[in-house]
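Engineer: task: produce atomic coordinates for the following.
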Amino acid sequence: MVLGFLSVNQPVIAAVTTNDQGAIAQVSDSGSSWLSIWMIPIAVLALVIFIQIPNWRLKKPRIFKPAFSSTSGLVLFVAALMGGLLGTQIAMQIGSPRLEGGEYDLSSTLPLMIGSYIGQGVVFLLVPGLVLGRGRIQWNSRPMSWFRAVLAGCLGMIIALPMTLAVAQVAGAVLEWSTGQTFNEIGHGTLVQIKEAAADPDLVLVLIVFMVIVVTPIWEEILYRGLLQESIGSHPLTEGESPWVSIVITSLIFATMHGAMVDLRGLAALFVLSLGFGWIYVRTGRLIASIVMHAAFNAFNILVVIL
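Structural biologist: I've put the predicted structure just below:
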């Protein structure tokens, strides 16, 4: 699950855990109208800063040869998604009753999230050989220290956030101009539920926020960056190519998997955001860097809604 961004009319877009990992809802945030004026020039400045970073093209990335084969990694990735789907379906049957009108509230969304992660976790436990393999990790160059990787993740989010917001803004403007489509100010989703629940916080709200900021970034970065991106990068068809190849392919899959109820502006922004996650992972050689970026992005959206 990825929580969203501000776009043309400053909606905050949130993902709701469903069968396919994400259902998007929109919430108008009137307090952030200044972003619509300054976001694009800020994004241009962020892009300039990014290009000035040494080795931004990843010609000498801190990458390694994974212990598992590319085929095993891809099979495990698909199996984990199926396990999450099964876990969600089970949670639906036993612990997530819908409200009148077929909607969910936080108390019914939480079991769906837990069910999905448990289903994925069971897959990892049942097939540890696919994860661990028998070979040793062979580093191409020395990985960055954990502390520096965390710092890099924070700085990476500062650079990636304005570019992501600007892409959403431009994509939304183009979409409105070309199709005449307008966006609902408020929809039904996790951020909508959090916004409503924040007026009277309880344990369920605390657990949901914890899941979104802590658990979701860890799980998704393990799946998409640590497993899928590494598997694609070590595949015979892409091995030896620029790391950007596996980053782009992974980002396309990442955005698509969140796209069941995401409009085109959302898909474009999630793609750009995922590029940032993949880049910081390869740049640092540490998964913790992309996890920190992911967590910071989710936390940003929750703060925008609550405050």
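Engineer: list the contacts for the closest residue to Val150 other than its chain neighbours?
Structural biologist: Among residues not flanking Val150 along the chain, Val292 sits closest, at 5.4 Å (CB to CB, 6 or more residues apart in numbering). Yep, even glycine has a C-beta here, placed from its N, CA and C like the rest. With contact taken as CB atoms under 8 Å, 6 or more residues apart in numbering, Val292 is in contact with Ala149, Val150, Gly153, Cys154, Met157, Pro217.
Engineer: name the element Val292 belongs to?
Structural biologist: Val292 belongs to helix 287-306 when assigned by DSSP states H and E.
Engineer: so for that helix, what gets flagged as buried?
Structural biologist: For helix 287-306, a neighbour-count test (16 or more other CB atoms under 10 Å) marks 287-302, 304-305 as buried.
Engineer: do stretch 69-78 as well
Structural biologist: Quick answer for stretch 69-78 (16+ other CB under 10 Å): Ser70, Ser72, Gly73, Leu74, Leu76, Phe77.
Engineer: tell me how far it is from the chain's mean position?
Structural biologist: Mean C-alpha position of stretch 69-78 versus that of the full chain (CA atoms, centre = their mean, to the nearest Å) differs by 20 Å.
Engineer: with stretch 145-156 instead?
Structural biologist: Distance, centroid of stretch 145-156 to centroid of chain: 18 Å (CA atoms, centre = their mean).
Engineer: which strand or helix spans Leu252?
Structural biologist: Taking DSSP H and E as the criterion, Leu252 maps to helix 243-257.
Engineer: show me what that helix packs onto, helices and strands only.
Structural biologist: When contacts are defined as 3 or more CB pairs under 8 Å, 6 or more residues apart in numbering; DSSP states H and E, helix 243-257 sits against helix 230-233, helix 264-284.
Engineer: okay, those helices in TSV with mean pLDDT and distance to Leu81 next?
Structural biologist: Below are those laid out as TSV (pLDDT from 0 to 100; distance: least, CB to CB, whole Å):
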stretch	mean pLDDT	distance to Leu81
helix 230-233	92	13
helix 264-284	90	16
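Engineer: closest one to Val248 among those?
Structural biologist: helix 264-284 (7.1 Å; CB to CB).
Engineer: buried residues in that closest one?
Structural biologist: For helix 264-284, using 16+ other CB under 10 Å, the buried residues are 265-284.
Engineer: same question for stretch 45-52.
Structural biologist: Ala46.
Engineer: and the angle from the top helix by length along the chain to helix 264-284?
Structural biologist: If you go by DSSP state H, the chain has its longest helix at helix 146-179. Counting by axes from the mean of the first three to the mean of the last three CA atoms, to 10 degrees, helix 146-179 lies at 160 degrees to helix 264-284.
Engineer: below-threshold pLDDT in the stretch 51-200 of the chain: ranges please.
Structural biologist: Residues of the stretch 51-200 of the chain meeting the criterion pLDDT under 70: 62-67, 95-104, 128-141, 183-192.
Engineer: so where is the stretch 201-307 of the chain shaky, pLDDT-wise?
Structural biologist: 260-263.
Engineer: how about a cut-off of 90?
Structural biologist: Residues of the stretch 201-307 of the chain meeting the criterion pLDDT under 90: 201-205, 212, 234-242, 257-270, 285, 298, 300-307.
Engineer: what sits closest to His294 if chain neighbours are left out?
Structural biologist: Once flanking residues are discounted, His294 sits nearest to Pro217: 3.5 Å by CB to CB, 6+ apart.
Engineer: now do the buried residues in the strand or helix carrying Leu207.
Structural biologist: For Leu207, the enclosing helix or strand under DSSP H and E is helix 203-210. Neighbour counts using 16+ other CB under 10 Å place Val204, Leu205, Leu207, Ile208, Val209 of helix 203-210 among the buried residues.
Engineer: do stretch 251-260 as well
Structural biologist: Buried positions in stretch 251-260, judged by neighbour count with 16+ other CB under 10 Å: Ser251, Ile253, Phe254, Ala255, Met257, His258, Gly259.
Engineer: give me the secondary structure label for the last one.
Structural biologist: In the three-state summary, Gly259 is assigned as coil, counting by DSSP: H, G, I helix; E, B strand; the rest coil.
Engineer: distance from the chain centre to the helix holding Val292, please.
Structural biologist: Counting by CA atoms, centre = their mean, helix 287-306 is centred 9 Å from the centre of its parent chain.
Engineer: where's the residue nearest to Ala295 when sequence neighbours are not counted relative to Met39, distance?
Structural biologist: Nearest residue to Ala295 in three dimensions, chain neighbours excluded: Pro217, at 4.2 Å (CB to CB, 6+ apart). For Pro217, the distance to Met39 equals 23 Å [CB to CB, to the nearest Å].
Engineer: how about Phe68?
Structural biologist: 40 Å.
Engineer: so which of those two has more stuff around it?
Structural biologist: Just comparing Phe68 and Met39: by other CB atoms under 10 Å the higher neighbour count belongs to Met39, 25 against 21.
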